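S.K.: All I have is the shape, not the residue letters:
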């Protein structure tokens, strides 16, 4: 934006979020230059859905969308500032775009280098230079950057497509002097405080809250958890996400109730009216507010309602009635509250309890590192010098300060970081804090490393149980129960019984997963799938998660394994005993294999466990001989399967099993011999019977490189 202003030229500009709907709208409205910045894969670009969840838009879809949406020769230039974006750039060329800048398919680009390249390119373009001249200038500028050690290599990663075309064309030949006409959608009214410094590790929680508001149309969500766990930070970040995406066009209002004993309804109504910019009479202000808010699409954040929950009597009841009637009268109003426990709306409005637990150990280590300003050195964690920051974080994750003192608690992490900056000694800080009772000190998540290089969390044993009922839409809704409904002895007894039974049934690793549901030993399938989706991405360290069909397949195999072992199970929910069997024989083998093929999985080249032989056949049966697809096998946990088009006529789809359960990749050949490969790439590149990978219709060498071609190719290929 600063570069555009420096040009001093007058033109129209619009910034938008990358969703398919918004891209289509902007193409129809018309633009001369289209710029994308984001995450790129070899076969597509990362876009958001309406809930902010990343999904990959395939190259072919982008080509068709560009060809259908853009007016003839309206879009003259497309800049795809994303790693591996060459194939997407070529797709835009096929759609009719004359000039496209992209990144080589085998390359990643550094953010710092990309900024220098874009600044130089757009400044030259706006000053009337040709596309070719602006591109050359950007390349040479990037090479000359003094503080970028890999500047020469970075400059070689950018491509101007099509390669042999005439790019001596001006995109902006006659721009006059003046300011920018900014067509970016204006944000709604808001009074949100600044985001918490170094906010990290809560993306999935924020995403889930956004999804409940946008997709599930929930009206009232209460983020619950102990003091210092990060309720306010998550609420603010979720609100800003919704604000910037234009979900609430009439405003996002933040009300702070911490340490506030006066819960006078009229003063709260005045604050809401002021935040919304409403001028309403003070006489019967509550009714007037309800009347004015009926047509408003707004989000009301009520932060720190603990004093309300602690009160009893008329004031609390009047306040709850005020919130209930406000929501009942205003159909497009949403409320996001933060409190140690649900606020207890009793009738007419569904209150969704969102329990916020401690952070995963990997995230809490990153937070600690950021809060200390990167002062955690190799010496501080007791490892050799000349190591990477990831190795420092790995060693930090095993230190007593993280595992026994901080235990996933953000406020305790902040306090420990302050102490560490003063003494620069982790052991000393751990010793100091172990003898002190920290404010809001949690009995909070301890985390363990798993064999698959992921992290799992053990939630707090003293988190008070909440009575939960499952509605027909499978939402987990708080049923009005007083915070004092469970006395201390009941709580202790329930948790004691859980620990005893869970320890008998579950192994240590499986229990770290199941402790999320503590103190229950049976949970609904929907709740299990929700946590599984969260856990899989964390434990496997991948960006691409299991889709809904994969999650459903996982549930089916829990029941299948339980039947085989003649264990008791229910169609309504999952028992801990059935879960343990599934964890050992299905889930952990799957995770270990995904970790070994992580990059291929993230690039979308391996289908999930919901894909079977029939689905593979339907995809490639009309493809050429040698067309193939990869999938995770559901019937053989930890194994992959490959289906390909054989040479027989009529075409026959052949399938092979790739066994990865011992760490290498084994296949059985037609002659009965077993061949072992170090990597999946080696196996595919050395197999002559497969040539073109689906989806994407790409040659296997373009996808998997030539690393495996040093040896002799198999004569017959796997059987």
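M.R.: Received, thanks. Keep in mind that what you see is a predicted model, and the values were worked out from it rather than measured.
S.K.: for the helix or strand harbouring residue 392, which positions count as buried?
M.R.: Using DSSP states H and E, the secondary-structure element containing residue 392 is helix 389-396. Taking 16 or more other C-beta atoms under 10 Å as the neighbour-count basis, helix 389-396 is seen to contain the buried residues 392, 393, 394, 395, 396. C-beta: built from backbone N, CA, C; applies to glycine.
S.K.: any idea which of the residues you listed is the one closest to residue 59?
M.R.: Nearest to residue 59 out of those is residue 393 (C-beta to C-beta; 34.8 Å).
S.K.: Pull the residues that contact the helix or strand containing residue 235.
M.R.: Using DSSP H and E, the secondary-structure element containing residue 235 is helix 231-244. Helix 231-244 is touched from outside by 17, 52, 187-188, 190, 192-193, 195-196, 199, 202, 205-206, 209-210, 213-214, 223-225, 248, 252, 254, 299, 301, 303-304, 336, 338-339, 356, 410, with contacts defined as C-beta atoms under 8 Å, 6 or more residues apart in numbering.
S.K.: Filter the residues you listed down to the buried ones and express that as a ChimeraX selection.
M.R.: The ChimeraX selection below is limited to those of the contacts of helix 231-244 classed as buried (16+ other C-beta under 10 Å):
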select :52,188,190,192,196,199,202,205,206,209,210,213,214,223,224,225,248,252,254,299,301,303,304,336,338,339,356,410
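S.K.: who touches stretch 208-221?
M.R.: Under the criterion C-beta under 8 Å, 6+ apart, external residues in contact with stretch 208-221 comprise 50-53, 223, 234, 238, 241-242, 247, 299, 323, 327, 333-337, 345, 349-352, 354, 473, 475, 530.
S.K.: Which strand residues bridge residue 256?
M.R.: Listed by DSSP bridges, the beta-bridge partners for residue 256 are residue 303.
S.K.: Give me the pLDDT for it.
M.R.: As summarised for this prediction, residue 256 has a pLDDT of 89.
S.K.: try the one 5 residues further on
M.R.: pLDDT, the model's per-residue confidence, is 65 for residue 261.
S.K.: What of residue 440?
M.R.: The score at residue 440 is 42. That number is its pLDDT.
S.K.: Residue 253 contacts residue 273, doesn't it?
M.R.: No - counting by C-beta atoms under 8 Å, residue 273 is not a contact partner of residue 253; they are 9.5 Å apart.
S.K.: Filter the contacts of stretch 208-221 down to just the ones in helices.
M.R.: With helices taken from DSSP state H, the overlap with the contacts of stretch 208-221 comprises 234, 238, 241, 242, 323, 327, 530.
S.K.: And the buried ones among the residues you listed, selectable in ChimeraX?
M.R.: A single ChimeraX command suffices to select whichever of the ones in helices among the contacts of stretch 208-221 are buried according to 16+ other C-beta under 10 Å:
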select :234,238,241,242,323,327,530
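S.K.: and which of the ones in helices among the contacts of stretch 208-221 is nearest to residue 405?
M.R.: Out of the ones in helices among the contacts of stretch 208-221, the one with the shortest distance to residue 405 is residue 234. That distance is 22.7 Å, counting by C-beta to C-beta.
S.K.: Give me the distance between the helix holding residue 235 and the centre of its chain.
M.R.: 15 Å (C-alpha atoms, centre = their mean, to the nearest Å).
S.K.: now stretch 143-156
M.R.: Its chain's average C-alpha position is 31 Å from that of stretch 143-156, according to C-alpha atoms, centre = their mean.
S.K.: remind me which residues of the stretch 151-300 of the chain are low pLDDT?
M.R.: Counting by pLDDT under 70, the ranges of the stretch 151-300 of the chain that qualify are 259-263.
S.K.: where do the helices sit along it?
M.R.: Using DSSP state H, counting those that start in this stretch, the helices of the stretch 151-300 of the chain run over 151-155, 203-214, 231-244, 265-276, 285-293.
S.K.: Point out the other helices and strands that the first one packs with.
M.R.: Meaning helix 151-155. In this structure, helix 151-155 packs against helix 111-126, helix 131-143, with contacts taken as 3 or more C-beta pairs under 8 Å, 6 or more residues apart in numbering; DSSP states H and E.
S.K.: nearest to residue 596, of those?
M.R.: Nearest to residue 596 among the helices and strands packed on helix 151-155 is helix 111-126; the distance by C-beta to C-beta comes to 28.4 Å.
S.K.: State the mean pLDDT of the closest one.
M.R.: Mean pLDDT, helix 111-126: 90.
S.K.: and the closest residue to residue 118 other than its chain neighbours, how many neighbours?
M.R.: The shortest distance from residue 118 to any non-neighbouring residue, by C-beta to C-beta, 6 or more residues apart in numbering, is to residue 81 (6.4 Å). Neighbourhood size, residue 81 [other C-beta atoms under 10 Å]: 21.
S.K.: so residue 81 makes contact with residue 34?
M.R.: No - counting by C-beta under 8 Å, residue 81 sits too far from residue 34 to count as a contact (11.3 Å).
S.K.: and residue 11, what is it in contact with?
M.R.: Neighbour list for residue 11: 126, 172, 175, 180, 181 [criterion: C-beta under 8 Å, 6+ apart].
S.K.: Shouldn't residue 666 be within a strand?
M.R.: Yes - residue state for residue 666 (DSSP: H, G, I helix; E, B strand; the rest coil) corresponds to a strand.
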